[in-house]
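Colleague: Need a 3D model of the following:
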Amino acid sequence: MPSRRYSIIVADRSSGVVRRFTLPLWPTLGTISFVLALPILIGLGARWSASATLQELTTTNARLTGENANYRESTGQLASQISTLQAAVDEIGITAAVDPTVSRAMEKLPASVKSRAMGGGGVAGAVLGNAFGPGDTAFTVMRDVLGAIEDRLDAVRSGVERRRSLADATPSIWPVAGWLTSSFGNRRDPFTGDPNFHPGLDISANYGDPVYAPAIGTVSSAGANGSYGNLVVIDHGFGIVTKYGHLSRFGVTPGQQVDRGDIIGYVGSTGRSTSPHLHYEIWVNGKLTNPMHLLAK
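Modeller: Numbering: from 1, shown residues only. Presented below is the predicted three-dimensional model:
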């Protein structure tokens, strides 16, 4: 069916000119509808675009909020780790302090004894070398490195504590106040005059003078023992054992724990002895050691 057509007549009164415009109905209505709907469409498009932008901003804000919370948590963890490390460093500095006299005595000990007080190797370098990988963040890397340093400090602390224990177990002070009358090594027997080997030091002192433990340890035995007379034996750990002979009486009992400076007995002349003195021996890993190597000068 042919589309209806409408004519618009325009007449000029002054000149009498008449103009006719013929318009098809539906195209004309379509054009008018499009012109009227265009602002609405533009408004809807702008609203949709604004809504999409707002949604994107909301998503970005949520992501940034989550990342910020993670950074705050990571920062708190790092601060806690740093505080822990500082405390560990301070503790190690205090624990590592060893009296110079004891330190010199420790240096005279065999390497097999000192090796028991050494710590392990470092691991922080390996972590730093392999720290950066795909997707790693600065906080992740720092957390891993600090964790490795904490492990290393734990190992160092353990080594320092073992070294401190060795220092406490090293017999470095004179067990009695007196004067040296017989050294370690070859000498003439005081009874027969024949050459013989003297396994320790003879330190003369007044009868009844106190004898002190030169290091921390456990009393292995305290009793009469042949030519030693009244003998105290102390096990200091790390393979170090000390013996104290010719005592007049005991100040300790077997199994007792002693600290450096505790009285363990009193000078006497029991056993194979010619006068009041202390016979002092040091054994390291089952072998005799010259006590002069460890005693403070």
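Colleague: Surely Ser227 touches Arg272?
Modeller: Yes. Contact criterion Cβ atoms under 8 Å: Ser227 and Arg272 qualify, at 3.7 Å. (C-beta placed from N, C-alpha, C; glycine too.)
Colleague: Settle it for me: which of the two has more neighbours?
Modeller: Arg272 (15 against 12; other Cβ atoms under 10 Å).
Colleague: Surely that one and Asp202 touch.
Modeller: No. Judged on Cβ under 8 Å, Arg272 makes no contact with Asp202 at a distance of 11.3 Å.
Colleague: Following the strand of greatest length in the chain in sequence, what is the next regular element?
Modeller: Identified as the longest strand of the chain according to DSSP state E is strand 240-250. Next along the chain after strand 240-250, taking DSSP states H and E as the criterion, comes strand 257-258.
Colleague: Can you tell me the strand partners of the longest strand of the chain and which way each runs?
Modeller: Strand 240-250 has the following sheet partners, assigned by DSSP bridges: strand 230-237 (antiparallel), strand 263-267 (antiparallel), strand 277-284 (antiparallel).
Colleague: Residue ranges of each domain in this protein, please.
Modeller: Domains of the chain are assigned by automatic domain parsing as 5-62, 68-169, 179-293.
Colleague: And the ones you listed, which one averages the lowest pLDDT?
Modeller: Among the domains of the chain, domain 68-169 carries the lowest mean pLDDT, at a mean of 65.
Colleague: mind listing what's buried in whatever helix or strand Thr218 lives in?
Modeller: Secondary structure from DSSP H and E places Thr218 in strand 217-224. By 16 or more other Cβ atoms under 10 Å, the buried positions in strand 217-224 come out as 217, 219, 222.
Colleague: Stretch 103-110 too?
Modeller: Neighbour-count burial for stretch 103-110 flags 104-106, 108-109 (criterion: 16+ other Cβ under 10 Å).
Colleague: what's the answer for stretch 234-254, then?
Modeller: Here stretch 234-254 shows 234-248, 250-252 as buried, counting by 16+ other Cβ under 10 Å.
Colleague: end-to-end on it?
Modeller: Start-to-end span of stretch 234-254 (Cα to Cα, to the nearest Å) is 9 Å.
Colleague: where along the stretch 51-200 of the chain do the strands fall?
Modeller: Using DSSP state E, counting those that start in this stretch, the strands of the stretch 51-200 of the chain run over 179-182, 185-188, 195-198.
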